[in-house]
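**Q** Below is the sequence, then the predicted model.
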Amino acid sequence: MATVSFFRTLRGGRHLLRHQMLNAMHETFGRPTFRPAAPEPLGLDAAVAFTGSGQPP
C-alpha cells in the first residue's frame, strides 16, 4: 500500500462534508458572507484521517 499511496491519507469525511455544506449555503443563500477556504483533501499522517487536521490530537 505504501508504494501505491505514497503514505497519503484522505481527510476525514466530516471535514470534507462540512466544507461542501458551507460552500452550498454560500452559493444558495449568500451565507456565510465569504466563500469558505477549501480544505486540503490529502495529508501525510493518520491524524489527518482521524482528526481532520495535520496536527496530532
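**A** Arrived safely, thanks for sending. Residues are numbered from 1 along each chain as shown.

**Q** tell me which residues in the longest helix along the chain are buried?
**A** Longest helix of the chain, by residue count under DSSP state H: helix 13-29. If you call a residue buried by 16 or more other CB atoms under 10 Å, then helix 13-29 has these buried ones: residue 15. (Each C-beta comes from the backbone N, C-alpha and C, glycine too.)

**Q** quick one: average confidence on that helix?
**A** Mean per-residue pLDDT for helix 13-29: 91.

**Q** Now do the SS call for residue 40.
**A** Secondary structure state of residue 40, per DSSP: H, G, I helix; E, B strand; the rest coil, is coil.

**Q** on that earlier part again, which neighbours does the next helix or strand after the longest helix of the chain have in its sheet, and in what orientation?
**A** Later in the chain than helix 13-29, the nearest helix or strand by DSSP states H and E is strand 42-43. Paired neighbours of strand 42-43 in the sheet (DSSP bridges): strand 9-10 (antiparallel).

**Q** what's the spacing between the partner strand and its chain's center?
**A** Chain-centre distance of strand 9-10: 10 Å, with CA atoms, centre = their mean, to the nearest Å.

**Q** And for it, what's in contact with it?
**A** For strand 9-10, the external contacting residues (CB atoms under 8 Å, 6 or more residues apart in numbering) are 41, 42, 43, 44, 45, 46, 48, 49.

**Q** gap between the fourth one and residue 15?
**A** Just to be clear, that refers to residue 44. As judged by CB to CB, to the nearest Å, residue 44 and residue 15 stand 16 Å apart.

**Q** Can you give me the end-to-end span of stretch 33-42?
**A** With CA to CA, to the nearest Å as the measure, stretch 33-42 spans 27 Å from end to end.

**Q** Same question for that stretch: list its buried residues.
**A** By 16+ other CB under 10 Å, the buried positions in stretch 33-42 come out as residue 39.

**Q** pLDDT averaged over that stretch - what is it?
**A** If you average the pLDDT over stretch 33-42, you get 87.

**Q** quick one: contacts of it?
**A** So stretch 33-42 is contacted by 8, 9, 10, 11, 15, 16, 19, 22, 23, 26, 48, 52 (CB under 8 Å, 6+ apart).

**Q** Farthest pair within those?
**A** Spanning the widest gap among the contacts of stretch 33-42 are 8 and 26, at 28.2 Å by CB to CB.
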